[in-house]
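[1] Below is the sequence, then the predicted model.
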Amino acid sequence: MSISIKGSNFPLLVMHVYSTCLEAIRKSLLEKIEKSPIFLLKNTPIVVNVSNLNYRSNWDALYQTISDSGLFIVGTCCCHDNKLKEIIIRSGIPVLSQNVTILRKDFPEYLRKNTLTTSKTQLITTPIRSGQKIYARNRDLIIIANVSAGAEIIADGNIHIYGTMRGRILAGASGNKESQIFCTNLSSELVSIGGHYWLSDQIPKEFSGKAVRLSLKNDALTIQNL
């Protein structure tokens, strides 16, 4: 077995990688996609458990293999190799901090994220095009421009978008549940705070295209007008 995909108390599907053979992983993904209707949705968000990998694993190739299958990697977890962690972070993917408790041998993992104190702020004043990925590590992110569909905006802290937001936006990527999202025109493909997410069709329609503020309350996403 090269991979398994499990539900968990973490609000996203978690992919456990047991093999470094990319062809085996590709075949396993195709089989699971054919059998599981949930994966028929393009860009289904997923977290990759890398506990069985190390820095010698070809993370970039693995990332591409998973992405080519139609899944959207929003983060990794259970990274025990510091060199691998550096490689993953350089690729723009968050490494989620957590304490892991296995409730039963075959039971889903329970992830309790550590909070993160952010410092400084990253400011971007140019439009973010489709295919671009921005990751503000250990800080807040402010974008004074439009973000196109297909772009990915990720920050460990808060995210402010002073423009139209059409891509994917993930605040509190390292588990900070106090993070918030502020946007002057929300039309996102995906919004996420601290691992909790909505796809575009889950965002209340009355807030589409409006100036909004998103936050977590009782471990659930909430949205209100600015």
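    Happy to help now that I have it. Remember, it's a predicted structure, so these values are computed and weren't measured experimentally.
[2] Quick check on residue 90: phi, psi?
    Dihedral pair for residue 90: phi -60, psi -30, per degrees, to the nearest 10.
[3] neighbours around it, how many?
    Neighbourhood size, residue 90 [other CB atoms under 10 Å]: 12. Where C-beta positions appear, they are placed from N, C-alpha and C, glycine not excepted.
[4] Just the pLDDT at residue 82, thanks.
    If you check residue 82, the pLDDT there is 90.
[5] which residues of this structure fall in helices?
    22-35, 59-68, 82-90 (DSSP state H).
[6] Tabulate those in JSON lines, adding columns for distance to residue 224.
    Listed next are the helices of the chain as JSON lines, based on distance: least, CB to CB, whole Å:
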{"stretch": "helix 22-35", "distance to residue 224": "36"}
{"stretch": "helix 59-68", "distance to residue 224": "33"}
{"stretch": "helix 82-90", "distance to residue 224": "32"}
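[7] Mean pLDDT lowest where, among those?
    helix 22-35 (a mean of 83).
[8] tell me the domain ranges of this protein?
    Here the domain parsing of the chain from automatic domain parsing is 3-112, 121-225.
[9] Please work out which of those is packed deepest.
    Among those, ranked by average contacts under mean count of other CB atoms under 10 Å, first place goes to domain 121-225 (a mean of 19).
[10] Name whatever forms a beta bridge with residue 216.
    For residue 216, the beta-bridge assignment (DSSP bridges) gives partners residue 221.
[11] Surely it is in contact with residue 192?
    No. The pair residue 216 and residue 192 fails to qualify as a contact (CB atoms under 8 Å) at a distance of 10.2 Å.
[12] Among the helices of the chain, which comes closest to residue 173?
    Closest to residue 173 of the helices of the chain is helix 82-90 (CB to CB; 10.4 Å).
[13] what's that closest one in contact with?
    Contact with helix 82-90 is made by 50, 53, 54, 55, 57, 59, 60, 76, 79, 95, 135, 137, as judged by CB atoms under 8 Å, 6 or more residues apart in numbering.
[14] Tell me the one of these nearest residue 164?
    Nearest to residue 164 among those is residue 135, at 20.6 Å by CB to CB.
[15] what bridges to that closest one?
    residue 154.
[16] picking that back up, quickly, which of the domains of the chain bottoms out on average pLDDT?
    Averaged per stretch, pLDDT over the domains of the chain is lowest on domain 3-112, reaching a mean of 72.
[17] middle-most residue in this protein, spatially?
    Centroid-nearest residue in the chain, with CA atoms, centre = their mean: residue 74, separated by 2.1 Å.
[18] So that one versus residue 60, what's the distance?
    The gap separating residue 74 from residue 60 is 17 Å, by CB to CB, to the nearest Å.
[19] Repeat that for residue 189.
    Residue 189 is 23 Å from residue 60, by CB to CB.
[20] Of the helices of the chain, give the one that comes closest to residue 223.
    Closest approach to residue 223 among these is made by helix 59-68 (28.1 Å; CB to CB).
[21] Only alpha carbons, please: show the closest one as CSV.
    Taking C-alpha atoms only, helix 59-68 is exported to CSV below (Å, rounded to 0.1, in the frame of the first residue of the first chain):
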residue,chain,number,x,y,z
TRP,A,59,8.8,16.4,-2.1
ASP,A,60,8.5,18.5,-5.2
ALA,A,61,7.7,15.5,-7.3
LEU,A,62,5.3,14.1,-4.8
TYR,A,63,3.5,17.5,-4.6
GLN,A,64,3.2,17.5,-8.4
THR,A,65,1.9,13.9,-8.5
ILE,A,66,-0.8,14.7,-6.0
SER,A,67,-1.8,18.0,-7.6
ASP,A,68,-1.9,16.4,-11.1
